[in-house]
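Chemist: Sequence first, predicted model second:
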Amino acid sequence: MNKDVKLSLSHSNEFDAVRLSPHFTLGELTKTSYDTLDKNIPSRVAIENLKRICEGWLEDLRYSYNALYGESGAEIPIIISSGYRSEEVNRLCGGAKGSNHLTGCAVDIKCYGPEQMIRMAGILLDISDGTKRDFDELILEKRGTTYWIHFAVRPKDNRRKILFDCR
């Protein structure tokens, strides 16, 4: 391992107070398990892209998922396992070159099994159809016993790419 990089579950604490939307902070969308020299700090453009995903998609997903499947009195949060990634973080985690994470246009949504993953994906598709807004990527992913949805929205030229990557 590179001596300049050490594993830790960290992000900039100053970002925890920066709200991108009512339920999502910049801190949770920039956290990484890599302590890098660049500190995984996004540009203003990347922050605006993250804000667009949070306000326009993740808040709606949270509301709809809880309306359909929430338990009385207790809301189920939407957990983001990866949001913005700097070039260094993307390289270290094995991310794709040109990943939407590099521009703040993608998030990985943690899912507790295939049923929740399918339900959340269906809600995201319903949001797209109902609002006539497009997304770039909706990828249902699984590695071992870990499930997540990679969801990306670009400012323009969205491809509505839907894939299953369940190994």
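Modeler: Here it is on my side, so go on.

Chemist: which ones are touching the residue nearest the centre of the chain?
Modeler: Nearest residue to the geometric centre of the chain (CA atoms, centre = their mean): residue 107, 1.6 Å. By CB atoms under 8 Å, 6 or more residues apart in numbering, residue 107 lies in contact with 29, 50, 53, 58, 80, 82-83, 150-152. Using the backbone N, CA and C atoms, a C-beta is placed for each residue, glycine as well.

Chemist: Now the residues you listed in a markdown table, please, with extra columns for secondary structure, pLDDT and distance to residue 137.
Modeler: Shown next, in a markdown table, are the contacts of residue 107 (DSSP: H, G, I helix; E, B strand; the rest coil; pLDDT from 0 to 100; distance: CB to CB, whole Å):
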| residue | secondary structure | pLDDT | distance to residue 137 |
| --- | --- | --- | --- |
| 29 | helix | 96 | 17 |
| 50 | helix | 98 | 15 |
| 53 | helix | 98 | 12 |
| 58 | helix | 98 | 15 |
| 80 | strand | 97 | 15 |
| 82 | strand | 96 | 13 |
| 83 | coil | 97 | 14 |
| 150 | strand | 98 | 6 |
| 151 | strand | 98 | 7 |
| 152 | strand | 98 | 4 |
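
Chemist: Of the residues you listed - the most surrounded one?
Modeler: Counting neighbours by other CB atoms under 10 Å, the top entry in those is residue 83, with 28 neighbours.

Chemist: I'd say that one and residue 99 touch.
Modeler: No. Taking contacts as CB atoms under 8 Å, residue 83 lies outside contact range of residue 99: 11.5 Å.

Chemist: anything in contact with each of the two?
Modeler: Counting by CB under 8 Å, 6+ apart, the residues touching both residue 83 and residue 99 are residue 106.

Chemist: who touches stretch 57-73?
Modeler: Stretch 57-73 is touched from outside by 21-24, 75-78, 80, 107, 109, 119-120, 123-124, 126-127, 135, 151, 153, with contacts defined as CB under 8 Å, 6+ apart.

Chemist: May I see the buried residues of it?
Modeler: Using 16 or more other CB atoms under 10 Å as the test for burial, stretch 57-73 gives 57-65.
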